[in-house]
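# structure of the sequence below:
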Amino acid sequence: MKSRLLAISAGLASVLVGGVTACNDPNENTQVSAVVADTVTLWALTGTGPSFPSAYWASRGAITRADGNFQFDIAFDIDATGKIVVYPQRLVGVPLQGPKAVGLQRITGTFDGLERAPNSGYVFDSTFTVTPGQGLVMQVQSGEDCLGYLSSIGYTKFVIDSINTTQRTIYLRTVHDPNCGYRNLVPGVVPKN
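Numbers count the residues shown, from 1 in each chain. Here you go, the predicted structure:
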């Protein structure tokens, strides 16, 4: 009985210490991660094997397959004219739990010049056709990908570097803020809001 009381007392003490420590600065979020930049290679949605990744999953900052698991936000294809077509998840297929809200908009300035995702102007559930050198900024709303955050919205920007129409490959650079609700798109920076 005495050991049981000691264990309960130790548990309560650790909760109190944790609570006091957490109250030092209520505005400080210690779980915020730095913005991540990457260069990736994707294969076109059509004309390639189903095992090749042709999609991007923003919350993971990863390329993936556009398959029935629906663990992606956008998929890429190359049309007959050699342009890249970007499809939001809803236009590829609809998962049982419902599709994610994926909005896209063109980057009007330079890719590196866009340091903060816009608040508005996203077009949802529409394809975008882009050529090398053109970039898009993406807003994804997903409660499943943003568990533990106050917001369920994530932001990513990407630019097409080049394509290989023979191999049906697409080369692009991405900058992803892994923190839901944050709009910072400067690689390596830990966002403050």
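# in this structure, which spans are strands?
36-43, 55-57, 62-64, 74-78, 84-88, 101-106, 123-124, 128-130, 135-141, 153-164, 169-177 (DSSP state E).
# and Ala117, which of those is closest to it?
strand 153-164 (3.8 Å; Cβ to Cβ). Heads up, the C-betas are built off the backbone N, CA and C, glycines and all.
# so who does the most centrally placed residue in the chain touch?
The centroid of the chain falls nearest to Ala58 when counting by Cα atoms, centre = their mean (2.0 Å). Contacts for Ala58 (Cβ atoms under 8 Å, 6 or more residues apart in numbering) come out as Asp73, Ile74, Met138, Val140, Asp145, Gly154, Thr156, His176.
# per-residue confidence at it?
Per-residue confidence (pLDDT) for Ala58: 89.
# quick check: beta-bridge partners of the closest residue to it other than its chain neighbours?
Distances taken as Cβ to Cβ, 6 or more residues apart in numbering place Thr156 nearest to Ala58, at 4.4 Å, with adjacent residues excluded. Bridge pairing for Thr156 (DSSP bridges) gives the partners Met138, His176.
# am I right that Thr156 is in contact with Leu114?
No - shown here, Thr156 and Leu114 do not form a contact pair, counting by Cβ atoms under 8 Å, at 11.1 Å.
# look up how far Val32 lies from Ser59.
Distance of Ser59 to Val32, given as Cβ to Cβ, to the nearest Å: 15 Å.
# more crowded one of these two?
More neighbours surround Ser59 than the other of Ser59 and Val32, with 18 against 15 (other Cβ atoms under 10 Å).
# ok, that one - contacts?
Going by Cβ under 8 Å, 6+ apart, the list of residues near Ser59 reads Asp73, Val140, Ser142, Asp145, Cys146, Gly154, Pro178, Cys180.
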